[in-house]
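[1] structure of the sequence below:
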Amino acid sequence: MAQSVASTAAKASYMQTASPAVLAPPPHVAVKKDPKLANVWKTKSAEDLTDAEVIAMPDGEYMNDKQMAFFRLKLARLRGEIIASAGETTEHLREDTVVVPDPADRATIEEEHALELRTRDRERKLLKKIEQSIQRIDAGDYGYCDETGEPIGVGRLLARPTATLSLEAQQRRELKQKMFGD
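    Below you'll find the model as predicted:
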């Protein structure tokens, strides 16, 4: 009788851990809007706007001309920074081509170069996304989800200016990828 009790307990513990866990979406964090900044955007140019002022814009003004210009400028600055860092990498790799006799030092230098090149490769991919985002601004599609057509949200675009999916659509896509290994 003791053997069946032990196997029943083992089955019960297995059943509890084997059931699929239901992932609850993270709670939606509302972006705090400063009421003092609500109308400041009307008197400023896109170059002079701050992130807080863009967040404080009323929801009815989502993706107006000033916001589009603000995000175009933000993307252009990001593109410029990436291109500048690519030039610095080229110079850095040229300077470090000195032959080092110590194998450990040579391995360290090669590892640093490999890391730097991986970083630049990621930036190259980001550069493509930046160009696509600028094209979306030109087409008037920027700021809206590719899947649902709903607004992506100013807070998400400030955090990730190349976002093409709303937070909910991105979470669904990531969950599907995790479940099905897409």
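
[2] how deep is residue 113 tucked in, by neighbour count?
    15 (other CB atoms under 10 Å). From N, CA and C alone the C-beta is placed, and that goes for glycine too.

[3] tell me what the helix or strand where it lies is packed against?
    Element membership of residue 113 [criterion: DSSP states H and E] is helix 103-139. Applying 3 or more CB pairs under 8 Å, 6 or more residues apart in numbering; DSSP states H and E, we find helix 103-139 packed against helix 65-95.

[4] what is the helix it packs on packed up against?
    helix 103-139.

[5] tell me the buried residues in the helix it packs on?
    For helix 103-139, the neighbour count (16 or more other CB atoms under 10 Å) marks 116, 120, 123, 127, 129, 130, 133, 134, 136, 137 as buried.

[6] also stretch 59-66?
    63, 66.

[7] can you list contacts of that stretch?
    41, 46, 49, 57, 67, 142, 143, 144, 151, 154 (CB atoms under 8 Å, 6 or more residues apart in numbering).

[8] assign a three-state SS to the fourth one, would you?
    What it means is residue 57. Under DSSP: H, G, I helix; E, B strand; the rest coil, residue 57 falls in the coil class.

[9] look up how far residue 99 lies from it.
    According to CB to CB, to the nearest Å, residue 57 stands 57 Å off from residue 99.

[10] which of these two has more neighbours?
    With neighbours defined as other CB under 10 Å, residue 57 and residue 99 compare such that residue 57 has more, 23 against 5.

[11] what residues does residue 157 make contact with?
    Residue 157 touches 71, 143, 163, counting by CB under 8 Å, 6+ apart.

[12] buried ones in the helix or strand that contains it, by neighbour count?
    Per DSSP H and E: residue 157 is located in helix 154-159. Under the neighbour-count criterion of 16+ other CB under 10 Å, helix 154-159 has 154, 155, 156, 157, 158 buried.

[13] so the third one makes contact with residue 166?
    Yes - applying CB atoms under 8 Å as the test, residue 156 and residue 166 come out as touching, 7.5 Å apart.

[14] show me where pLDDT drops low in this structure?
    1-43, 96-98, 182 (pLDDT under 70).

[15] so for stretch 77-87, what gets flagged as buried?
    78, 79, 82.

[16] gap between the residue nearest to the spatial centre of the chain and residue 127?
    Among the residues of the chain, the one closest to the centroid is residue 160, at 4.4 Å (CA atoms, centre = their mean). Per CB to CB, residue 160 is found 15 Å from residue 127.
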